[in-house]
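Fold the stuff below for me.
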Amino acid sequence: MIGELLAALAGSAWARTALRYVVTALAILLFLLALRRAGERAGRLAEQLETTERSHNAQKRMLEAAARRPRDRSDLADRLHNGRF
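Model (predicted):
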């Protein structure tokens, strides 16, 4: 019974045209959903990159500060005495 109905609908020109529009609309909908998902993923990756860059910059500043630190107590005393600290 369903097979006969499908065969009758497939035989008519308006049913083929309607089916063509439905398939086209479905393809466009799936494309838009995939595009949205790709955009969300790109946004997450950009946020992750920004976080990584911030972390890297903080670590770089800490390493630079550690490189400029006084080596021992006498070096610290010399810097404080000379006003360079």
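
next structured bit after the helix or strand containing residue 41?
Per DSSP states H and E, residue 41 falls inside helix 13-67. Note on helix 13-67: by DSSP H and E, the next helix or strand toward the C-terminus is helix 73-82.

tally of neighbours for residue 4?
8 (other CB atoms under 10 Å). In short, each C-beta sits where N, CA and C put it, glycine included.

which regions of this protein sit below the pLDDT cut-off?
1-2, 5-6, 9-11, 85 (pLDDT under 70).

how much space between residue 41 and residue 33?
13 Å (CB to CB, to the nearest Å).

Return the set of buried residues in stretch 31-49.
Within stretch 31-49, no residue is scored as buried using 16 or more other CB atoms under 10 Å.

scratch that, stretch 47-59
Result for stretch 47-59 [16+ other CB under 10 Å]: no buried residues.

Can you give the distance from it to the centre of its chain?
14 Å (CA atoms, centre = their mean, to the nearest Å).

If anything else comes up later, I'll come back, but that's it for now.
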